[in-house]
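# Show me how the following folds:
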Amino acid sequence: MRHFYLILYVTVALSSCAPFYSGQYLTSQQNTLSSIPLKPHDHEVDVFFGQEKPAKPYYKVKLVEVQDFSEQRADAMLKKLREKAKQEGVDALLINDIGGQTVTTTSLATNTVQIFQKLVAIGLKYKENIDYMSEILKEQVVRIWPDDNPDPKIFTMSYDFNGKNLSLKDSFTRRFFFRDIYLFEDHASVYTPQDDWEFRMDTLNNLFTKRVLVNGVPVLKSDFKLNGPDRGKAVVMIKKDNYYNLEKYELESSYNAAGLPVKKTLKKKKLGNLWTEETIYRTNGLPDKITRYKIVEGKEVLYFEIQNTYYSSDDLPATDN
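Prediction:
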């Protein structure tokens, strides 16, 4: 479920005064022309001019733009544009009127004229280079046993190419995903940022915070005191509904030889273990099955199971040529 364009927390804040940012801010720039998922690369970017087109199947995915306030030659701007395309996962650029784009004059409020250069192109993605669909979470089938009910409730959570949960209009699903799953995910979450949440990274105090606001008041909030030398333990402050009620927990994790968390245990002082969660991984290192047990009178009681399904190249739409 870990997505290649994932979260840029380290660029968000450097102090305890750091602002909150929305989930959309923390992901890579959204595609403007399609929903095709993109992944940064380091291979050469093709360039086409005017009516030229690639011979191989492709998608028009986004506009790619660079600007510079110094007087650079057009070929230097094109070089910058190709580097920007690599960062954004674009394989080819379609450029029109390159000469007309490179120099623009803008009258400022001070009655001076500032000369800057820009270059904009339509970014193309070759279908043959989209070899990472199997890394993108498509669906989670959930079996949950609430209130010791012997018959599980079964439902499905679906995700788009960019990791957005598409099943949150259902109130039960929304409550389960946000409160039981997402609330306990830290800065290294396998889930991409969801639309309703805000995030803050306080590197000065080694603290990661996420929250949901309703009418300006947090109704869900979690503060993670990030792990120091012992990456297996984290202090978590959780808030549900009552703004003044933050409860302190300890989240303890154990890892396999590949450094992936295989077991998590949520603890609370005086109450002991509250639940344990086990994850089974696929050969490519992505989570396949997640199982959580509630601790009732010292015994593990099955709470839920989640089976993951991932996209494949067959899920891609028809190309633009």
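
# counting contacts, what elements does the helix of greatest length in the chain pack onto?
Scanning the chain for the longest helix, with DSSP state H as the assignment, gives helix 74-87. In this structure, helix 74-87 makes packing contacts with strand 58-68, strand 92-95, helix 98-101, strand 113-126, judged by 3 or more Cβ pairs under 8 Å, 6 or more residues apart in numbering; DSSP states H and E. C-beta coordinates here come from the backbone N, C-alpha and C atoms, glycine included.

# On the C-terminal side of the last one, identify the next helix or strand.
Read that as strand 113-126. On the C-terminal side of strand 113-126, the closest following helix or strand by DSSP states H and E is strand 137-144.

# Just the CA trace of the helix or strand just after that following strand, in PDB.
Past strand 137-144, further along toward the C-terminus, the next helix or strand under DSSP H and E is strand 153-158. Once non-C-alpha atoms are left out, strand 153-158 reads as follows in PDB (Å, rounded to 0.1, in the frame of the first residue of the first chain):
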ATOM      1  CA  LYS A 153     -19.800  -7.900   9.100                       C
ATOM      2  CA  ILE A 154     -18.100  -7.900   5.700                       C
ATOM      3  CA  PHE A 155     -17.600  -4.700   3.600                       C
ATOM      4  CA  THR A 156     -15.200  -3.400   1.000                       C
ATOM      5  CA  MET A 157     -13.000  -0.200   0.900                       C
ATOM      6  CA  SER A 158     -12.000   0.800  -2.600                       C
END
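
# comparing the helices and strands packed on helix 74-87, which gets the lowest mean pLDDT score?
Comparing these by mean pLDDT, the weakest confidence falls on helix 98-101, with a mean of 66.

# what's the helix or strand for residue 221?
Going by DSSP H and E, residue 221 is in strand 217-225.

# Contacts made by that strand with the rest, please.
178-179, 183-184, 186-187, 206-213, 234-241, 243, 246 (Cβ atoms under 8 Å, 6 or more residues apart in numbering).

# then the helix or strand that it is followed by to CSV, C-alphas only?
The element immediately downstream of strand 217-225 (helix or strand, assigned by DSSP H and E) is strand 233-240. Taking Å, rounded to 0.1, in the frame of the first residue of the first chain, the C-alpha atoms of strand 233-240 are listed here in CSV:
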residue,chain,number,x,y,z
LYS,A,233,8.1,2.2,20.5
ALA,A,234,6.2,5.4,20.1
VAL,A,235,4.1,7.5,22.5
VAL,A,236,0.7,8.4,21.0
MET,A,237,-1.8,10.9,22.3
ILE,A,238,-5.3,10.1,20.9
LYS,A,239,-8.4,12.3,20.9
LYS,A,240,-11.9,11.3,19.9
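
# could you check the angle strand 217-225 makes with strand 233-240?
Following axes from the mean of the first three to the mean of the last three Cα atoms, to 10 degrees, one obtains 170 degrees for the angle between strand 233-240 and strand 217-225.

# Next, the angle from the longest helix of the chain to strand 58-68.
Going by the same axes, to 10 degrees, helix 74-87 makes 130 degrees with strand 58-68.

# pLDDT weak spots in the chain?
1-17, 25-29, 70-71, 98-115, 148, 227-231, 242-244 (pLDDT under 70).

# Specify the local secondary structure of the residue most central in space within it.
In the chain, the C-alpha closest to the average C-alpha coordinate belongs to residue 192, at a distance of 2.6 Å (Cα atoms, centre = their mean). Three-state assignment for residue 192 (DSSP: H, G, I helix; E, B strand; the rest coil): coil.

# how close does it get to residue 137?
9 Å (Cβ to Cβ, to the nearest Å).

# Identify the spatial nearest neighbour of residue 293, chain neighbours not counted.
The spatial neighbour of residue 293 that comes closest, neighbours along the chain excluded (Cβ to Cβ, 6 or more residues apart in numbering), is residue 300 at 3.8 Å.

# Go ahead and list the helix or strand containing that neighbour.
Element membership of residue 300 [criterion: DSSP H and E] is strand 299-310.

# Give the other helices and strands that that strand contacts.
Strand 299-310 makes packing contacts with strand 137-144, strand 287-296 when contacts are defined by 3+ Cβ pairs under 8 Å, 6+ apart.

# so which of these comes closest to residue 131?
strand 137-144 (16.2 Å; Cβ to Cβ).

# All set now, cheers.
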